[in-house]
Structure formats: structure tokens, C-alpha cells
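sequence and computational prediction follow.
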Amino acid sequence: MRVVRIIFGYLVAATVFALAIPAGVIALGRGVDAAFHLPRLIGGPINDCVTVLLAAWGAWWMLWSYWFLVARGRGHPAEAFGIEVSPVTQQLVTDGPYAHTRNPMVYGYFHVVLAIAAAYGSVGMVAAIAALAVVGWVNLVFFEEPRLERRFGEGYREYKRRVPRFLPLGRR
């Protein structure tokens with residue numbers, strides 16, 4: 001049953017994060033661009049380089065943080081808005097990418113989504129990503145952080161005091 005739950009969790013996560021969210025950002029961004037007659041931001045080789053760099057940087061953070069969750073935390077990152085769709089981590093992970101930001105997977109994902117906007121050169125997609133950031137922030141602040149505080153207690157509260165929520169700008 002555990003394996004089925006893990007597979008189901010990853011299918012749900014892949015559907016949402018690899019398909020639905022990018023498709024929504026593209027559709028909403030294109031709609032905003034068309035409605036307001038927004039020009040393409042940038043094009044050519046510079047745009048291509050920015051796109052590749054954003055995607056690579058984001059993918060690195062996502063893979064690095066995933067590996068730490070599975071290897072060190074002995075669990076999986078498939079939980080959103082308080083709904084657990086696969087077994088969560090058993091130990092609080094505070095090293096590796098988690099020593100730089102409490103949400104390295106989110107940090108990486110937003111770079112990947114920004115790479116999509118860069119590929120299109122779309123101002124509207126950047127606006128859609130800003131809206132997505134608000135939804136992500138709500139999930140983290142009102143669902144994920146309280147759940148982690150309940151599970152890991154003072155260890156998580158101390159971790160929150162030391163490490164920034166999103167941007168890996170150094171320890172506090």
C-alpha cells in the first residue's frame with residue numbers, strides 16, 4: 001500500500017507541477033499579453049541563454065533538495081495545502097540546500113517557471129507567476145509551516161529563526 005501511495009503522490013504532483021501550473025501560466029500570460037498588447041520582452045540568443053540558465057539553476061535546486069528529503073529525511077515531498085498524498089519526511093532536514101532556504105524546492109521551481117516566461121519573453125507570464133507566488137506563499141505560511149512546527153516542535157522553530165523562508169541570501 002505504501003508503494004501505491006508514493007506512486008499516486010508523484011502522479012498527482014507531476015500532473016500539477018509539470019503540466020497544470022505551467023499550462024496555466026502560459027495560458028494566463030498569453031491572455032494578459034494579448035489583452036494589454038504587451039510586447040515580447042526580449043528575443044534571440046540572450047533570451048535563450050537566460051532561459052537555459054534559469055531552468056538549469058531551478059532544476060539543480062529541485063533535484064538537490066529532493067535528494068536530501070529522501071536520503072536524510074526519509075520521506076517524500078508530496079504534500080500541499082495540508083493534504084498529504086505520499087509519506088512525508090520522518091526527520092527534519094536542515095543541511096544541504098535546506099541550510100540556505102527553508103524551501104529550496106519552491107525556490108528551484110519558481111526559477112523553472114520563470115524560464116518558461118523567459119522562453120516566451122512574456123510580461124503576462126511574469127504577472128501570472130507573481131500570482132502563483134502568492135498562492136505558494138499562502139500554502140507555506142498557513143499550511144506547511146504550522147504542520148512542520150507540530151511535527152518537529154522546537155527544532156523547527158529554531159530552524160525558522162536561522163534560515164530564510166525563500167531566498168538563499170545567507171543565514172539570519
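Received the coordinates, thanks.

need the contact list for residue 131.
Neighbouring residues of residue 131 by Cβ atoms under 8 Å, 6 or more residues apart in numbering: residue 28. Bear in mind the C-beta positions are built from the backbone N, C-alpha and C, glycine included.

that one: which element?
Using DSSP states H and E, residue 131 sits within helix 123-139.

using CSV, write out every CA atom in that helix.
Listed next in CSV are the C-alpha coordinates belonging to helix 123-139 (Å, rounded to 0.1, in the frame of the first residue of the first chain):
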residue,chain,number,x,y,z
VAL,A,123,5.4,40.1,-19.4
GLY,A,124,1.9,38.5,-18.8
MET,A,125,3.6,35.2,-17.7
VAL,A,126,5.7,37.1,-15.2
ALA,A,127,2.4,38.5,-13.8
ALA,A,128,0.9,35.1,-13.7
ILE,A,129,4.0,33.8,-11.8
ALA,A,130,3.6,36.6,-9.3
ALA,A,131,0.0,35.4,-8.7
LEU,A,132,1.3,31.8,-8.4
ALA,A,133,3.9,33.1,-5.8
VAL,A,134,1.1,34.5,-3.7
VAL,A,135,-0.7,31.1,-3.7
GLY,A,136,2.6,29.3,-2.9
TRP,A,137,3.3,31.7,0.0
VAL,A,138,-0.2,31.1,1.4
ASN,A,139,0.4,27.3,1.3
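
now the helix or strand just after that helix: mean pLDDT?
As assigned by DSSP H and E, the chain's next helix or strand after helix 123-139 is helix 145-162. In this model, helix 145-162 has an average pLDDT of 94.

where along this structure do the helices fall?
Ranges of helices in the chain, per DSSP state H, are 2-13, 21-35, 44-71, 104-120, 123-139, 145-162.
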